[in-house]
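Enquirer: model the following, please.
(one chain, ligands or ions: 2)
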Amino acid sequence: MTPVLLLEGIHQTAYDLLNQAGLDVERQPSALEGDALAEAIARTQLLGIRSATHVDAEAFSHQKSLLALGCFCIGTSQVDLDAGARAGIPVFNAPFSNTRSVAELVIAEAVLLLRRIPEKTALAHAGVWAKGAAGAYEARGKTIAVIGYGNIGSQVGVLAEALGMRVVYYDVQPKLPLGVARGATSLRDAVGEADVITLHVPATPATTGMITAEVLAYCKRGAMLINASRGKVVDIDALKAALDAGQIGGAAIDVFPVEPGSNSQPFESPLRGAKNVILTPHIGGSTQEAQQNIGIEVAAKLLNFLKTGATTGAVNFPEISPGAITGAARLLNVHGNAPGALARLNTALAEDGANICAQHLQTRGELGYVVTDLDRRPSEALLARLTGESGFIRSRVILPETV
Ligand SMILES: NC(=O)c1ccc[n+]([C@@H]2O[C@H](COP(=O)([O-])OP(=O)(O)OC[C@H]3O[C@@H](n4cnc5c(N)ncnc54)[C@H](O)[C@@H]3O)[C@@H](O)[C@H]2O)c1
Ligand SMILES: O=C(O)CC[C@@H](O)C(=O)O
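Expert: Ligands and ions are numbered 1, 2, ... in the order given. Below you'll find the predicted structure:
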């Protein structure tokens, strides 16, 4: 039975789908690292993670028969995608399933920050009755700057507009403004006019440290900052200084440069105890609805790849959706994308006596992926050639009777 390991408390829906497909599924509540991750990668064929398991090139180097990696989340910056591709391992994710959950949380936080609720609730818990309107504002009529107007940012814009907020967004790609949102031409222009700034960019070299002391100084005095994107987007020490100086009036931070791998590990941050600051443990997408849907979506992608070789939706791999097997066997071959690679594969197939019923090829960067339906099962000698010979990365056979 195909061994599957699901880490980080991946939802029951994923377990059910993979288990019902006859796979041997093991679950663990936490992330893994170091030797424990290496050992897990060495013994599993399908691995499921969320954001806290870092699968870098070193971790991939321990794989022996890992077929695919499923990120049961949106972000894939915790994975060295190129190292996965070089090893012939497609990585799948769920690009939409938790976006509404994040957008709802952000809107709630904008309202709470503008009313200084984090501060008021902390005082009330401490027995202090701090009734008063000083520094408390409605969201209606205020401006929210959405940095990164993608799947989440654009939904935040729509919900904010429904509250009567003005929406300005900044994105590096041209985007269709929804409702009466306006595009800004620079990050500075967007943050400079906003009462609330919310970050929805991916983790890239360009977004690492994007919110610097200089950017914070450019914000309107007392503006609120929300970050539910990735922890390294904000310079946390600069934010702490801006909060202490009153330049930033409050913040809601869901993601951190370093996050605990499990709920049993301590959480450290310079922002702990800061006034009018909401700190949450990376739960923007953690709702029942989102996690159920993510479980189904990513498990289905992994199963489809296992049973048909489909790489539809893979984030690091040539995409092929080959459909049902048309011959006696399906051969999946991953190779270096070089002139003549397909010819070498087909010559090897002919030398093995196999006739081709159907063939699909797609390349992406340095990688080529071919799915070939054959009139007979390929020999072990052919498979050894198609894995060991220079230029070929890995091969796998799927038999119709096993799917
Ligand atoms: N907190 C959570 O639990 C949680 C949940 C889901 C997603 N996320 C994170 O939220 C972020 C956004 O997710 P999404 O699904 O909306 O992604 P997306 O890819 O749909 O949108 C990201 C947008 O950012 C833009 N962008 C990229 N680089 C930029 C830059 N330098 N400046 C301005 N804009 C830039 C892109 O063009 C794109 O429009 C990601 O980092 C994701 O990992 C967090
Ligand atoms: O569930 C997680 O661990 C990550 C959630 C979120 O950051 C995502 O990328 O989808």
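Enquirer: ligand 2 contacts on the stretch 1-150 of the chain?
Expert: Contact residues of the stretch 1-150 of the chain with respect to ligand 2, defined by Cβ under 6 Å from any ligand atom, are listed as R50, S51, C73, I74, G75, N98. C-beta here means a position set from N, CA and C on the backbone, and glycine is covered the same way.
Enquirer: select from those the one having the most neighbours.
Expert: Neighbour tally across those (other Cβ atoms under 10 Å): the maximum, 25 neighbours, falls on C73.
Enquirer: for G327, give me the pLDDT.
Expert: The model reports G327 with a pLDDT of 92.
Enquirer: and stretch 172-182, C-alpha only, in PDB?
Expert: As requested, the backbone C-alpha atoms of stretch 172-182 are provided in PDB (Å, rounded to 0.1, in the frame of the first residue of the first chain):
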ATOM      1  CA  VAL A 172       3.000  44.900  -9.300                       C
ATOM      2  CA  GLN A 173       0.700  43.300 -11.900                       C
ATOM      3  CA  PRO A 174      -2.100  45.200 -13.700                       C
ATOM      4  CA  LYS A 175      -5.400  44.300 -11.900                       C
ATOM      5  CA  LEU A 176      -9.000  44.900 -12.700                       C
ATOM      6  CA  PRO A 177     -10.300  47.200  -9.900                       C
ATOM      7  CA  LEU A 178     -13.400  45.700  -8.300                       C
ATOM      8  CA  GLY A 179     -16.200  48.000  -7.200                       C
ATOM      9  CA  VAL A 180     -14.800  51.600  -7.000                       C
ATOM     10  CA  ALA A 181     -11.400  50.500  -5.800                       C
ATOM     11  CA  ARG A 182      -8.500  52.600  -7.200                       C
END
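Enquirer: closest residue of the stretch 301-403 of the chain to ligand 2?
Expert: Residue nearest to ligand 2 within the stretch 301-403 of the chain (Cβ to the nearest ligand atom): V315, separated by 11.9 Å.
Enquirer: you'd agree that residue is up against G75?
Expert: No: counting by Cβ atoms under 8 Å, V315 does not reach G75; the two are 10.3 Å apart.
Enquirer: where does the nearest residue to G75 once chain neighbours are set aside sit: helix, strand or coil?
Expert: For G75, the nearest residue in space outside its immediate sequence neighbours is S51; the separation is 5.7 Å by Cβ to Cβ, 6 or more residues apart in numbering. For S51, the reduced secondary structure class is coil; criterion used: DSSP: H, G, I helix; E, B strand; the rest coil.
Enquirer: S51 contacts T76, correct?
Expert: No: with contact defined as Cβ under 8 Å, S51 does not count as touching T76 (9.2 Å).
Enquirer: who are the neighbours in contact with the residue in the stretch 251-400 of the chain that ligand 2 sits nearest to?
Expert: For the stretch 251-400 of the chain, the residue positioned closest to ligand 2 under Cβ to the nearest ligand atom is G285, at a distance of 4.2 Å. The neighbourhood of G285, defined by Cβ atoms under 8 Å, 6 or more residues apart in numbering, consists of C73, I74, S97, N98, T99, S101, V102, Q291, I294.
Enquirer: in helices only, show me the residues you listed.
Expert: Judged by DSSP state H, the subset of the contacts of G285 located in helices is T99, S101, V102, Q291, I294.
Enquirer: nearest to ligand 1 among those?
Expert: V102 (4.6 Å).
Enquirer: pLDDT score for the closest one?
Expert: The per-residue pLDDT reported for V102 equals 98.
Enquirer: likewise V403?
Expert: Note for V403: predicted pLDDT of 74.
Enquirer: list the residues that contact the nearest residue to it once chain neighbours are set aside.
Expert: Leaving aside its chain neighbours, V403 sits nearest to K307 (4.2 Å; criterion: Cβ to Cβ, 6+ apart). Residues near K307 by Cβ under 8 Å, 6+ apart: A21, I398, V403.
Enquirer: contacts only, for P281.
Expert: When contacts are counted by Cβ under 8 Å, 6+ apart, P281 touches D254, E259, P260, N263, F267.
Enquirer: quick one: the second one and A52 touch, right?
Expert: In other words, E259. Yes: the criterion here is Cβ under 8 Å, and E259 meets it with A52 at 6.2 Å.
Enquirer: and these two? which has more neighbours close in?
Expert: For the pair E259 and A52, the greater number of neighbours falls to A52 (19 against 15), based on other Cβ under 10 Å.
Enquirer: for that one, phi and psi?
Expert: Backbone geometry at A52, expressed as degrees, to the nearest 10, gives phi -100, psi -10.
Enquirer: just checking, T308 touches I325?
Expert: Yes: with contact taken as Cβ under 8 Å, T308 and I325 are classed as touching, separated by 7.1 Å.
Enquirer: out of everything not next to it in sequence, what's closest to the residue of the stretch 251-400 of the chain closest to ligand 2?
Expert: The spatially closest residue to G285, leaving aside those adjacent along the chain, is N98, at 3.0 Å (Cβ to Cβ, 6+ apart).
Enquirer: same check, this time on Q12
Expert: The shortest distance from Q12 to any residue other than its chain neighbours is 6.9 Å, reached at G295 (Cβ to Cβ, 6+ apart).
Enquirer: hmm, T13 and that neighbour touching each other?
Expert: Yes: with the criterion set as Cβ under 8 Å, G295 and T13 qualify as a contacting pair; they are 3.4 Å apart.
Enquirer: among the two, which residue is more densely surrounded?
Expert: Neighbour count, other Cβ under 10 Å: between G295 and T13, G295 has more, with 25 against 18.
Enquirer: so what does the lowest-mean-pLDDT helix or strand in the chain touch, helix or strand wise?
Expert: When the helices and strands of the chain are compared on mean pLDDT, DSSP states H and E, helix 380-388 comes out lowest with a mean of 91. For helix 380-388, the packing partners by 3 or more Cβ pairs under 8 Å, 6 or more residues apart in numbering; DSSP states H and E come out as helix 341-351, strand 392-398.
Enquirer: skip ahead from the first one and say which helix or strand is next.
Expert: Once the chain leaves helix 341-351, the next helix or strand it forms, by DSSP states H and E, is strand 356-364.
Enquirer: tell me where the stretch 151-300 of the chain has helices.
Expert: Taking DSSP state H, counting those that start in this stretch as the criterion, the stretch 151-300 of the chain contains helices spanning 151-162, 187-192, 213-218, 236-244, 288-308.
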